[in-house]
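Engineer: take a look and give me a structure for this.
(chains A and B)
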Amino acid sequence: MQKIQLSILAAFVLLTAACRKGDPIVPPVVTPVDTAAINGYLGFYLLNEGNMGSNKSTLDYYDYTTGKYNENIYATVNPNVVKELGDVGNDIRIYGGKLYAVINVSNKVEVMDALTSKRIGQVNIPNCRYLAFANGKAYVSSYAGPVEIDPNAPIGFVAEVDTASLQITRKVIVGYQPEEMAVAGNKLYVANSGGYRVPDYDRTVSVIDLPTFKEIKKIDVAINLHHVKPDRHGDLYVTSRGDYYHVQPSLHVIDTKTDRVKKSFQLASSNLWIHNDTAFIYGTAFSYDTHSWKISYNMLDVNSETLLPGSFINDGTEKNIKMPYGVAVHPVTGDIFVTDARDYVSPGTLYCFDKKGKKKWSVTTGDIPAHIAFLPVP
Amino acid sequence: MKSYWKIRFTGACLLLAGSASAQQGIDSAKVRELKEVQITAPRPVREISPGQTLQGAALQQLGAQSVADAIRFFSGLQIKDYGGVGGLKTVDVRGMGTNHTAVFYDGIQLGNAQNGQIDLGKFSMENMQAVSLYNGQKSNTFQPAKDYSASAAIYLTPLRPEFKAGERFHMKGTVRSGSFSLFNPSLRYHRKLSERTTLSMSSEWVHAGGQYKFRYRKENGFDTTAMRKNGEVDALRLEASLHGRMPSGEWHTRLYYYGSERGLPGFVVNGVFGHIDRQWDRNFFWQGQLRKDLSRRYSVLFNAKYAKDFTRYLAPDTQLLRIDNRYRQQEAYVSLAQQFTIKNWWTAGLSADYQFNLLNASLKNFSYPRRHTVLGALSTSVTLPRFNAQAAMLATIMNESVKKNAASAPKREFTPSVVMAWQPFGKEDFRVRGFYKHIFRMPTFNDLYYTDIGNSRLDPEYTRQYDVGFTWNKARPGKILEAVFLETDAYYTEVTGKIVAVPTVSQFRWTMMNLGFVKVHGLDLRAGATLLAWERLRMGARMTYTFQQARDFTDPADSFYGHQIVYIPRHAGSLIASADYGDWGLNYSLLYTGERYNGKANIPRNYMQPWYTSDLSLRRALRTEKKDVALTAQVNNLFNQFYDVVLNYPMPGRNYKVTLSVQL
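Structural biologist: Below you'll find the model as predicted:
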């Protein structure tokens, strides 16, 4: 009797032991979506943010030479990086043959070869947010400056990183919780949000003189600033998120010759991409007062600084987009890319529209698809 | 020695009784034994459908530190464990979500109006007599309305003082130590104050450094081992209770205090292997219960409770958003339950409860909610020789007020339940049973009012449960195979209007919505046996198996429509095997949790490995006339398996514990 029981026990242990498979690195999901067509670009990278704490920031690559979408390529290319790409990807850019990805919670800028996405190294910058480049230097905004005036919210800084040595060369203090940056001439413009100081949001754009790396001016714009995009006429388009209660999101134009706000639009603008003279803008206006939100897709002529009629999605696809989270336009073909983060905790969708706003294809991405960088033919 | 064996035998039966309903009278010897020690007045109506129970010797043999460690061996539930001695441990019964399980301590529900979750890791096994799980509800006509108000209920029954003739007091001191720099002394004192009144006092301190090694690796990829830090915990528990008997009635009253300070080790992601967040908790409650049969046909049960809870959460990292939040909750509760015995076979119950909750928090723009809940339950039971049934209707009225922002609308709900048991062969040992229950959970204060996240427009989240099963248990006194039981339940559950967090404009801005729809098909299986191999060797085994298909049917447009919900394995199981030989006891336990997904989409990227841990303990008892000494050595996670229950919250590998207890 005892023997039988022991053997049952042993069998049970073995049975369950057999159920644990090896734990392989998850290979990319390759989906053919379009015909191969190189129009000056080999492909583009898409950085998925991944929900905070999930370590699910992943890198996708669309290959124009094959027309195939490769979801989740980083871990397979770089299997020895402990815990893969990291937690909450926040920005991605290509500069000088290198691919830079800001991984916010992992406190690093991951630097990869732009052609192979093979890891070159990383720059450790706590709570880093966005990237900008000029004259062989990378500029990285960070929330994590010294705790000065507000004991609960550190003031932000921008780090200057040498793109050859990947070393931080200089730092400059800016406003609270700085977000996106743009370079115009020899000045760097930094949008300060003040997101840690609710309800006392920051409302300025810091102007940094690049040669001296000093803040020379603060331009008062609106509360809770986020994106800064330059057009080709020396203007900057700056988005304000509002406060999610009573102050609505808005869009502001800064003239970099005078460093003043020259025009403002009461327009929900979560993010935008400027292609030639057209700004492609989507907006998600949410209010905690009503617990409802409105999604809008708009175009703006940056030359005349006037809103264009209609949407840049014209075939009804917008009904399928739950939560637009990123926008990009192919510099040559004018194809428009819109990402849908859906519920933030499941795979998102990338939509490709032609310049008339008609859907060409869509594909499943990682969690929270957000940031796109086009890879030019070298 | 003879009486000692008697105790052992009772223990073995209790192990067996596991879930097989102690009241079904497996063996008359056991009943006699229980009668000698129990001083409670007889309850007129028993439960129609018993739950799963671990008690007495079976509980002791597990060597569980907290309730969470013990309850893992039940079927049909998952423990969500963030790892370590101080890590949050909540229970999800039948895939309905942690908020659907009510936890009762000594008969009265433990409240947490703030987030609806009870951390079972905070409840020590040291002072525990029994732990039970009921799907649906405890099917007793004579109970407060609260007992009808949840989708599943866990009852924690603390030890009650029991004295044999001539005994005046008991005292027990226990010290546990081992891995994680654990130091866990406790002291218990039971005193007979008079023939009718007894006193129990219990105190415990848990200190753990909380450090342990963890390892993350991928095939042909990275392989890293690191130390889990900031998991230290210091916790003090103080408890005192008075128990009394009176003519055709009994009463007890209890004071409970738990205070703790702990580090929160947080998630492990690329570049971040440690956190410095901390949490302080202070929980205090007083409660009392009085039961009296006013006539042969009319009995009353009066319950009252006052609880005060404080939590401080500190995230002091100056490179991130610094958070220092303090939450203060209060709860007051009164209940009157009545039972009318209409005929010997027919009873009716009417219960009325009132509860008040308030939450204050040091959040900006906080609402300061106050909640008034009135519950009324009308129930009736029939007890025929071969058929028992209970039907109940629960009425819930909830009103809230706030000092700021908008209050949620008043809620009125009427929810029924039916429980049945039938003996098709007219024998006690085989029963068919089933229940239907429609119930809901109210949105928590966090769901409704958490600044920038809460949504006061939320409705309750509903469940509908259908369950059918059978129980078979056979006692064969004097045979080698002394006792054997088999129980199984098949069930179908729907969760509608599931409260889920949904994003708004960025991933740092969420709100709550009644969005989810989940269907759960499940099967619970429990089996066990005790063997008296020869006179001095007794062996017992008990196993559970759980099958759950819990799928998300919220929106056909979602890529994960029809996928298994987050963290719910399709297959899970446990095994406990024990052998007692004279003064020696050996216990082996196995837990198995099958593959599951850490995201809504069941894709390889979200796949989580199955895990299974084996625990082994060896116990030696030394008994003399004056005192009982017991020494237990335990190895947990014997095969040193590294796993996450919750993604990026690594669990400890192999660890050790030694327990010494002296009882006077």
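Engineer: quick one, helices of the stretch 301-450 of chain B?
Structural biologist: Secondary structure of the stretch 301-450 of chain B (DSSP state H, counting those that start in this stretch): helices located at B:445-449.
Engineer: and the residue of it nearest chain A?
Structural biologist: Residue of the stretch 301-450 of chain B nearest chain A, by Cβ to the nearest Cβ: residue B:319 (3.6 Å). Quick note: C-beta positions are derived from backbone N, CA and C, even for glycine.
Engineer: spell out the secondary structure type for the residue nearest to that residue when sequence neighbours are not counted.
Structural biologist: Leaving aside its chain neighbours, residue B:319 sits nearest to residue A:144 (3.6 Å; criterion: Cβ to Cβ, 6 or more residues apart in numbering or on different chains). Of the three states, residue A:144 takes coil under DSSP: H, G, I helix; E, B strand; the rest coil.
Engineer: burial count for residue A:144?
Structural biologist: By the measure other Cβ atoms under 10 Å in any protein chain shown, the count of residues near residue A:144 is 20.
Engineer: before we move on, what about residue B:324?
Structural biologist: Residue B:324 has 12 nearby residues by other Cβ under 10 Å.
Engineer: same check, this time on residue A:66
Structural biologist: 14.
Engineer: work out for me the element residue B:132 sits within.
Structural biologist: Element membership for residue B:132, per DSSP states H and E: strand B:128-135.
Engineer: for that strand, buried residues please.
Structural biologist: Of all the residues in strand B:128-135, those buried under the rule 16 or more other Cβ atoms under 10 Å in any protein chain shown are B:128, B:130-135.
Engineer: show me what contacts the residue nearest to residue B:319?
Structural biologist: Residues near residue A:144 by Cβ atoms under 8 Å, 6 or more residues apart in numbering or on different chains: A:125-127, A:154, A:156-157, B:318-320.
Engineer: repeat the analysis, applying 6 Å as the threshold.
Structural biologist: Residues counted as contacts of residue A:144 (Cβ atoms under 6 Å, 6 or more residues apart in numbering or on different chains) are A:126-127, A:154, B:319.
Engineer: ok, now residue B:348?
Structural biologist: Counted by Cβ under 6 Å, 6+ apart, residue B:348 has contacts B:340, B:380.
Engineer: also residue B:548?
Structural biologist: B:95, B:522, B:568 are the contacts of residue B:548 under Cβ under 6 Å, 6+ apart.
Engineer: measure the nearest residue to residue A:348 once chain neighbours are set aside to chain B for me?
Structural biologist: Ranked by Cβ to Cβ, 6+ apart and with sequence neighbours excluded, the top spatial neighbour of residue A:348 is residue A:369, at 4.1 Å. Computed as Cβ to the nearest Cβ, to the nearest Å, the residue A:369 to chain B distance reads 12 Å.
Engineer: just the endpoints, please. Distance across stretch A:150-164?
Structural biologist: Across its full length, stretch A:150-164 reaches 36 Å between end residues, using Cα to Cα, to the nearest Å.
Engineer: next, the buried residues of it.
Structural biologist: Buried residues in stretch A:150-164, defined by neighbour count with 16+ other Cβ under 10 Å: A:153-161, A:163.
Engineer: from these, which two are the most distant?
Structural biologist: A:153 and A:163 (30.4 Å; Cβ to Cβ).
Engineer: how about residue B:436, what does it touch?
Structural biologist: Counting by Cβ under 6 Å, 6+ apart, residue B:436 makes contact with B:418, B:466.
Engineer: hmm, back to that, which pair of the contacts of residue A:144 spans the longest distance?
Structural biologist: Within those, A:126 and A:154 form the most distant pair, 9.4 Å apart (Cβ to Cβ).
Engineer: circling back: contacts for the strand holding residue B:132?
Structural biologist: Under the contact criterion Cβ under 6 Å, 6+ apart, strand B:128-135 has outside partners B:51-55, B:67, B:70-71, B:74, B:152-157, B:159.
Engineer: between those residues, which sits nearest chain A?
Structural biologist: Using Cβ to the nearest Cβ, residue B:74 is the member of those that lies nearest chain A, at 17.8 Å.
Engineer: state the distance from residue B:232 to residue B:312.
Structural biologist: 16 Å (Cβ to Cβ, to the nearest Å).
Engineer: okay, those two: which has more neighbours?
Structural biologist: Comparing residue B:232 with residue B:312 by neighbour count (other Cβ under 10 Å), the higher total belongs to residue B:232, at 20 against 16.
Engineer: which residue ranges of the stretch 151-300 of chain A form strands?
Structural biologist: Using DSSP state E, counting those that start in this stretch, the strands of the stretch 151-300 of chain A run over A:155-162, A:168-176, A:178-184, A:187-192, A:204-209, A:214-220, A:225-230, A:235-240, A:250-255, A:260-265, A:271-275, A:278-287, A:292-301.
Engineer: turn these into CSV, including mean pLDDT.
Structural biologist: Putting the strands of the stretch 151-300 of chain A into CSV (pLDDT from 0 to 100) gives the following:
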stretch, mean pLDDT
strand A:155-162, 97
strand A:168-176, 97
strand A:178-184, 97
strand A:187-192, 98
strand A:204-209, 98
strand A:214-220, 97
strand A:225-230, 97
strand A:235-240, 97
strand A:250-255, 97
strand A:260-265, 96
strand A:271-275, 97
strand A:278-287, 89
strand A:292-301, 91
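Engineer: in CSV: those, plus distance to chain B.
Structural biologist: Below are the strands of the stretch 151-300 of chain A laid out as CSV (distance: least, Cβ to the nearest Cβ, whole Å):
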stretch, distance to chain B
strand A:155-162, 11
strand A:168-176, 11
strand A:178-184, 11
strand A:187-192, 14
strand A:204-209, 19
strand A:214-220, 21
strand A:225-230, 9
strand A:235-240, 11
strand A:250-255, 14
strand A:260-265, 18
strand A:271-275, 10
strand A:278-287, 4
strand A:292-301, 6
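Engineer: and of those strands, who's closest to residue A:104?
Structural biologist: Of all these, strand A:178-184 comes closest under Cβ to Cβ, at 11.1 Å.
Engineer: quick one: strands adjacent to that closest one?
Structural biologist: Partner strands and pairing direction for strand A:178-184 (DSSP bridges) are strand A:187-192 (antiparallel).
Engineer: please enumerate the helices of the stretch 251-378 of chain A.
Structural biologist: In the stretch 251-378 of chain A, no helices are defined using DSSP H, counting those that start in this stretch.
Engineer: once you drop chain neighbours, what's closest to residue 303?
Structural biologist: Looking at chain A here, since you left the chain open. In space, residue A:303 comes closest to residue A:277 once its chain neighbours are excluded; the distance is 4.6 Å by Cβ to Cβ, 6+ apart.
Engineer: correction: the question concerned chain B.
Structural biologist: Leaving out its chain neighbours, the residue that sits closest to residue B:303 by Cβ to Cβ, 6+ apart is residue B:335, at 4.2 Å.
Engineer: list the contacts for the one you found?
Structural biologist: Contact analysis of residue B:335 by Cβ under 6 Å, 6+ apart lists B:144, B:303, B:353.
Engineer: hmm, try it at 10 Å
Structural biologist: For residue B:335, the contact set (Cβ atoms under 10 Å, 6 or more residues apart in numbering or on different chains) comprises B:107-109, B:143-147, B:289, B:301-305, B:351-355, B:375, B:377.
Engineer: low-scoring stretches of the chain, by residue?
Structural biologist: I'll assume chain A. Applying pLDDT under 70 to chain A picks out residues A:1-19.
Engineer: my question was about chain B
Structural biologist: B:1-46, B:503-509.
Engineer: geometric centre of it: which residue is closest?
Structural biologist: When Cα atoms, centre = their mean is applied to chain B, the residue found nearest the centroid is residue B:154 (4.2 Å).
Engineer: which residue packs closest to that one, ignoring adjacent ones?
Structural biologist: Among residues not flanking residue B:154 along the chain, residue B:103 sits closest, at 4.8 Å (Cβ to Cβ, 6+ apart).
Engineer: cool, thanks, talk later.
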